[in-house]
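> Curious how this folds, go ahead:
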Amino acid sequence: MKKQNEPSAESLEEMPEIDDERFRRLPGRGHHVNRSLGEIVAIDPELWAYFGSAEAVNDALRRVVSERKKVAGS
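Presented below is the predicted three-dimensional model:
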């Protein structure tokens, strides 16, 4: 039996639409040139399970810093 090279019509209907804009390269010295990530750290998997996203980690750290500032100020 010969392997089918092209996807079937049914499988194409199941595939989600892809936004081509996210694959477009930005002009400049690489498409990440304007992104400022700051320092990159590794989060232990058991801690990551509580957060699930970089935004959640950043929010939690901001709360910790805020609380420390309150304690140091009083």
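> in the protein, which helix or strand is least confident?
Within the chain, judged by mean pLDDT, DSSP states H and E, the helix or strand with the poorest mean is helix 9-14; its value is a mean of 80.
> C-terminal to that one, what's the next element?
helix 45-51 (DSSP states H and E).
> so how far is that next one from its chain's centroid?
Distance, stretch centre to chain centre, for helix 45-51: 15 Å (C-alpha atoms, centre = their mean, to the nearest Å).
> which residues of the protein score low on pLDDT?
1-2, 4, 22-37, 74 (pLDDT under 70).
> who touches the helix ranked longest in the chain?
Using DSSP state H, we find that the single longest helix of the chain is helix 54-73. Helix 54-73 has contacts (C-beta atoms under 8 Å, 6 or more residues apart in numbering) with Ile43, Phe51. Quick note: C-beta positions are derived from backbone N, CA and C, even for glycine.
> And for Ala60, the neighbour number?
Using other C-beta atoms under 10 Å, Ala60 has 13 other residues around it.
> That should have said Trp48, apologies.
14.
> Quick check: Asp20 vs Val57, distance?
Separation of Asp20 from Val57 (C-beta to C-beta, to the nearest Å): 31 Å.
> re the thing from before, list the buried residues in the longest helix of the chain.
Val57 (16 or more other C-beta atoms under 10 Å).
> Tell me the gap between that helix and the middle of its chain.
21 Å.
> now swap in stretch 52-63 and tell me
13 Å.
> OK, contacts around Pro7?
Met15.
> Distance across stretch 6-20, terminal residue to terminal residue?
One end of stretch 6-20 to the other measures 21 Å (C-alpha to C-alpha, to the nearest Å).
> Pull the distance from it to the chain's centre.
Mean-position distance between stretch 6-20 and its chain equals 24 Å (C-alpha atoms, centre = their mean).
> re earlier: convert the C-alpha atoms of the least confident helix or strand of the chain to PDB, please.
Taking Å, rounded to 0.1, in the frame of the first residue of the first chain, the C-alpha atoms of helix 9-14 are listed here in PDB:
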ATOM      1  CA  ALA A   9      -9.800  16.800   3.100                       C
ATOM      2  CA  GLU A  10     -11.100  15.700   6.500                       C
ATOM      3  CA  SER A  11      -7.800  16.200   8.200                       C
ATOM      4  CA  LEU A  12      -7.500  19.700   6.600                       C
ATOM      5  CA  GLU A  13     -10.900  20.600   8.000                       C
ATOM      6  CA  GLU A  14      -9.800  19.600  11.500                       C
END
